[in-house]
Structure formats: C-alpha cells, structure tokens
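>>> need coordinates for the following:
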Amino acid sequence: MSDPVASKSGFLCMYMKNHPDTLVAYVKYFGKVEGNVLTTEMSSIDSKGMTLVYKLKSGQSNTTRVSFDPPLSGYEEVKPRLLGMKAEAQEGLGMLRVPQITTFQIPPTVATIGIAVFSYFYFLSPPSPNTTFLSIPVTIMDAFFSPAYAFRDATGLGLSFRTSCAIFFGIHGAEALYTWSLCRQYVKGAIVMAAYVGCTMIFGYPMWIDLKKRIQQRRIESVMKVE
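Residues are numbered from 1 along each chain as shown. Presented below is the predicted three-dimensional model:
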C-alpha cells in the first residue's frame with residue numbers, strides 16, 4: 001500500500017520553501033540542533049516523518065529526521081499536524097506565547113465512560129446478598145443486584161470494594177497527575193484546573209485527551225493569527 005503523504009512529498013517540499021522560519025524552528029526544537037541555523041529545507045516527507053536539510057552559520061550542512069507521533073493516517077492530516085508542531089516548536093523556543101485554556105468542558109465521551117465505571121463496580125464489587133443501604137429494603141437491594149450476582153456465579157470474577165477502588169483510583173490517579181501537568185502549563189484558573197483534575201479522577205482518559213485537543217486547537221489558532 002502506497003504512502004498517502006509520500007506521494008505528495010514533492011509538492012509539500014516546494015510549498016514549505018515559503019516558510020523557512022517554520023523549518024528552522026522544526027530543526028532546532030524537534031531536531032535538537034544546537035548553533036545558529038541559517039537555512040533549512042524539507043527534502044522529503046511521508047506519513048512517519050519529514051527529512052530536513054539545514055546549514056549552520058559555521059558552514060556545516062547536515063540532515064535530521066523529525067518523526068510524526070503518531071504517524072499521519074492520511075494526507076488531510078498534514079496541514080493541522082505541521083501547524084501544531086510549528087506552534088509547539090515556537091513555544092519551546094520562546095517565539096510564541098503558550099496557549100491558555102480558561103474554561104472547562106466535559107467531552108461527550110464521558111457519558112460512555114460513566115456507564116463503564118458504573119458497570120465496573122456493579123458487576124465486580126456488588127454488596128453481599130441480604131445487605132441493606134440507606135434504609136432500602138433487602139428485597140429491593142437483592143433484586144437490583146441480581147444480575148451482578150448471576151455474573152459473579154457464572155464467571156467467578158469478583159473483587160472486594162476496597163480492591164476495586166484501589167485499582168480504579170490507581171489508574172485514574174496516574175491519569176490525573178498527567179492532567180495536572182498539562183493544567184500547570186496550559187490552564188488558567190484554580191477552579192478550571194481543579195475541575196479537570198477532579199473529573200480525570202472519575203472519568204479517566206477522555207478528560208485529558210479532550211484537553212490536549214483544545215490545547216492543540218489554540219496552538220493552531222495562535223499560529224494562524226500570526227500568519
């Protein structure tokens with residue numbers, strides 16, 4: 001199967017000749033090239049990355065390969081990815097202001113995750129039969145959890161509530177730490193930051209994935225304004 005990006009490499013390399021400052025930023029930030037870079041050209045590009053040829057003030061010329069993480073799945077992803085990488089490089093080099101997220105939003109996928117979280121505790125850690133809770137009659141409790149009891153009897157799977165919580169909050173706790181690291185850099189306002197970190201503890205990965213998408217969109221918007 002042919003690479004959908006490599007087939008347009010010649011056109012993209014010619015187009016990027018009009019953006020030498022962007023190519024220099026790629027070389028210095030992603031290529032980690034030290035020294036004064038005078039010129040840079042894109043010699044090739046494919047779905048996995050781009051090859052850049054650069055020349056230093058000292059006269060030395062060299063080549064560096066900048067990988068795409070994750071790889072591009074199609075040609076339509078080239079422009080937004082290059083814009084996002086441009087903004088990231090310029091931020092890292094101090095050439096562009098870091099985007100700030102000032103509002104909180106819950107992604108639509110949280111509803112699905114909420115059902116998954118409920119199912120996790122419902123089927124793996126139901127209360128013991130003949131247990132009451134908040135004056136709810138035992139018959140109602142047993143009827144509500146009867147599918148969970150049947151699941152446990154059929155599969156033999158089951159965890160104590162404490163173990164389920166330890167696994168759940170252990171995984172989501174690590175994700176919340178990652179969200180907090182994003183918030184420290186890109187989120188403005190203690191309430192918004194607390195909302196993102198708290199919801200990540202409950203809903204997990206959809207929160208930080210959506211936050212990264214919002215950050216990327218702000219980056220692209222900031223680059224477009226500059227251009």
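
>>> next one: Gln185 from Glu88, what distance?
Distance of Gln185 to Glu88, given as Cβ to Cβ, to the nearest Å: 12 Å. (Each C-beta comes from the backbone N, C-alpha and C, glycine too.)

>>> look at these two and report which has more neighbours.
Remark: of Gln185 and Glu88, Glu88 carries more neighbours, 20 against 12, as counted by other Cβ atoms under 10 Å.

>>> now the more buried one. Its backbone dihedrals?
Torsion angles at Glu88 (phi, psi; degrees, to the nearest 10) stand at phi -60, psi -40.

>>> that one touches Tyr29, doesn't it?
Yes: at 7.3 Å, Glu88 and Tyr29 qualify as touching, with contact defined as Cβ atoms under 8 Å.

>>> check which residues of the longest helix belonging to the chain are buried.
Determined from DSSP state H, the single longest helix within the chain is helix 161-186. Of the residues in helix 161-186, those buried by neighbour count under the rule 16 or more other Cβ atoms under 10 Å are 168, 172, 175-176, 179-180, 182-183, 186.

>>> same question for stretch 134-145.
Using 16+ other Cβ under 10 Å as the test for burial, stretch 134-145 gives 141-142, 145.

>>> how about the CA coordinates for it, as CSV?
What follows is stretch 134-145, C-alpha atoms only, in CSV (Å, rounded to 0.1, in the frame of the first residue of the first chain):
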residue,chain,number,x,y,z
LEU,A,134,-29.9,3.8,53.5
SER,A,135,-33.0,2.0,54.7
ILE,A,136,-33.6,0.5,51.3
PRO,A,137,-35.3,-2.9,51.8
VAL,A,138,-33.2,-6.0,51.4
THR,A,139,-35.6,-7.4,48.7
ILE,A,140,-35.1,-4.3,46.5
MET,A,141,-31.3,-4.4,47.0
ASP,A,142,-31.1,-8.1,46.1
ALA,A,143,-33.4,-7.6,43.1
PHE,A,144,-31.3,-4.7,41.8
PHE,A,145,-28.0,-6.5,42.1
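
>>> let me see the mean pLDDT of it.
Averaging pLDDT along stretch 134-145 yields 88.

>>> over to stretch 32-40?
What stretch 32-40 shows for mean pLDDT is 86.

>>> what comes up buried for it?
Within stretch 32-40, the residues that count as buried by 16+ other Cβ under 10 Å are 33, 37, 40.

>>> in strands, which of the residues you listed fall?
Judged by DSSP state E, the subset of those located in strands is 37, 40.
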